[in-house]
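Asker: only geometry, no sequence info:
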């Protein structure tokens, strides 16, 4: 299975941050935190917006 399956990038032209943020399912948090991402916010859908530190 693809490592980024179920992962959505927030388009850089909307946020101005390129590939620094992603929307993931809650069950993927640990995997991305191990890669250096931080939780930014949780969406009403239960998905989580994560980001690389500044």
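Answerer: Sure thing, it's come through. A quick note: this is a predicted structure, and the numbers were derived from the prediction, not measured.

Asker: ok, which stretches of this protein are strands?
Answerer: For the chain, the strands defined by DSSP state E occupy 8-9, 21-24, 38-42, 48-51.

Asker: of those, which approaches residue 32 most closely?
Answerer: Closest approach to residue 32 among these is made by strand 48-51 (5.3 Å; Cβ to Cβ). For the C-beta atoms, the positions are set from N, CA and C on the backbone; glycine is no exception.

Asker: Check which helices and strands the closest one sits against.
Answerer: strand 21-24, helix 29-33, strand 38-42 (3 or more Cβ pairs under 8 Å, 6 or more residues apart in numbering; DSSP states H and E).

Asker: from these, which stretch is densest packed?
Answerer: Across these, the average number of neighbours (mean count of other Cβ atoms under 10 Å) peaks for strand 21-24, which reaches a mean of 19.

Asker: Partner strands of that strand, with direction?
Answerer: Sheet pairing of strand 21-24 (DSSP bridges) gives strand 8-9 (antiparallel), strand 48-51 (antiparallel).

Asker: Pick out the shakiest of these, pLDDT-wise.
Answerer: Ranked by mean pLDDT, the strands paired with strand 21-24 bottom out at strand 8-9, with a mean of 57.
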